[in-house]
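Asker: Got a predicted model here, sequence first, then my questions.
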Amino acid sequence: MKKIIIQGLIIIALFLATWFVLIQIDWVTIFKVQKITDKTEEKLGELFWEIFQKTERENKNPFAVSSVDSIVTKICSTNKIDRELIKIHILEKDDINAFALPNGHLIVYSGLILNSDNQEELSGVICHEIAHIQLNHVMKKLVKEVGLSVLISMTTGKGGSETIKETAKMLSSSAFDRSLEKEADIKAVDYLVKAKIDPEPFANFLYKISDKENEATKYLTWISTHPESKERAEYIIEYSKDKKVKYEAILTNDTWDKMKEKLTE
Amino acid sequence: MINAAKFDYVPSEHEAEKASNSYLMSLIALIAGLPLPIINLIATLIFYLGNRKGTYFVRWHCTQALLSQLSMLFINSFGFWWSVSIILTDETITDNYIAYIIAALIFNLTEFIATIYTAIQTRKGIHVTWWFYGNITNLICKSES
């Protein structure tokens, strides 16, 4: 009996040893497995951002930009995120929407800022999008929806401009998988708490807008593409309940109001 | 690794054919089982169930064929689900994965060759016992006499 067990173990060991020896070889290079490199992501980010630059109007009002910037900077610095990585852009559009593009481009529509009652709500959405960027959800989604080969052909200029446009549209108007959304929500709460921003208004924002969902789905892109707002609001509240932190405002109320004014000009 | 041992009795022509068939069966299962490992087991199991009431020689070789398939089942299922997770989830192809698949192929190939050899030998009535598997079979299959 003992002999059989030893023989069995030898066979298992033999298999593991074969595997281990084979791991030493760089198969990925030998078989030229296509990999997403930082360069690919950089290029894709540029490509998609160019599309939005061409089709939409960017709001470059220095007051509005620097106000949103200070929110982002605060979130990044308290969460040890490279600030250089997040490239925030405000586009003039009434839709309540914000989304992330590859390579850290974060696009916020002015409609979202104008419909946020306070800076905490806006910060929550920004944190959620930064979480998507930090967790590499954008590239994962692209690979899944479009396919690696198409993405790579885009960066080498072989992909048709129609495909690029369609993909950019997909990024702006569809949500991630439910599990990825939840992951981003939870991460967003972590970011908010670390930046000493109260996460409750973020949950309220989802709640508030889920009530409006029926009346004005037209402008509520961010919400209609993000499923089950109420459920999300609930787990955000649940998750942030026992975080005891003294919250501080990033912008003064005057600055917040003035920024909204500037956006409507 | 593979020994020709002396059997309790000299198997008849009919028995040798049946025993040899069980290896052929597992050979076919092995080919089909590379992409879908569960086939390995089902096929050999059916053959095993059909022959377990056969003569000692037939039973013995059916069991050995089944056992050899079992270990392949583990190796291949792991590779199979790993491949599925690469296709369907965020998993990507890594050196580890390719190395595993190649190792699995090597083991499948070894098993393939051993099975062909054993099928031929048992057809001639020679009692072939495999290293490790033969010993387990001896534990499971006891002569009725």
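Answerer: Good, I have the coordinates.
Asker: And the pLDDT for the residue of the stretch 101-250 of chain A found nearest chain B?
Answerer: The stretch 101-250 of chain A approaches chain B most closely through A:Lys140 (5.5 Å), counting by Cβ to the nearest Cβ. (Each C-beta comes from the backbone N, C-alpha and C, glycine too.) With respect to pLDDT, A:Lys140 scores 84.
Asker: so where is chain B shaky, pLDDT-wise?
Answerer: By pLDDT under 70, the low-scoring segments of chain B are B:1, B:33-34, B:37, B:90, B:144-145.
Asker: Show me which residues of it are close to chain A?
Answerer: Proximity of chain B to chain A (Cβ under 8 Å from any Cβ of the partner chain) is limited to residues B:71, B:75, B:90, B:92-96, B:98-100, B:102-103, B:106-107, B:131-132, B:135-136, B:139.
Asker: are any of those buried, and which?
Answerer: For the residues of chain B next to chain A, a neighbour count by 16 or more other Cβ atoms under 10 Å in any protein chain shown gives the buried set as B:71, B:75, B:93, B:95, B:98-100, B:102-103, B:107, B:132, B:135-136.
Asker: Convert the C-alpha atoms of stretch A:45-63 to PDB, please.
Answerer: Output in PDB follows, covering the C-alpha atoms of stretch A:45-63 (Å, rounded to 0.1, in the frame of the first residue of the first chain):
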ATOM      1  CA  GLY A  45      -7.000  57.300 -24.600                       C
ATOM      2  CA  GLU A  46      -5.900  59.900 -27.100                       C
ATOM      3  CA  LEU A  47      -8.000  58.500 -29.900                       C
ATOM      4  CA  PHE A  48     -11.200  58.500 -28.000                       C
ATOM      5  CA  TRP A  49     -10.600  61.800 -26.400                       C
ATOM      6  CA  GLU A  50     -10.000  63.300 -29.800                       C
ATOM      7  CA  ILE A  51     -13.400  62.100 -30.900                       C
ATOM      8  CA  PHE A  52     -15.100  63.800 -27.900                       C
ATOM      9  CA  GLN A  53     -13.100  67.000 -28.500                       C
ATOM     10  CA  LYS A  54     -14.300  67.100 -32.100                       C
ATOM     11  CA  THR A  55     -18.000  66.400 -31.400                       C
ATOM     12  CA  GLU A  56     -18.600  68.100 -28.100                       C
ATOM     13  CA  ARG A  57     -17.600  71.500 -26.600                       C
ATOM     14  CA  GLU A  58     -15.200  71.500 -23.800                       C
ATOM     15  CA  ASN A  59     -15.800  74.000 -21.000                       C
ATOM     16  CA  LYS A  60     -12.500  75.600 -20.300                       C
ATOM     17  CA  ASN A  61     -13.700  78.200 -17.900                       C
ATOM     18  CA  PRO A  62     -10.700  78.600 -15.600                       C
ATOM     19  CA  PHE A  63     -12.800  78.900 -12.500                       C
END
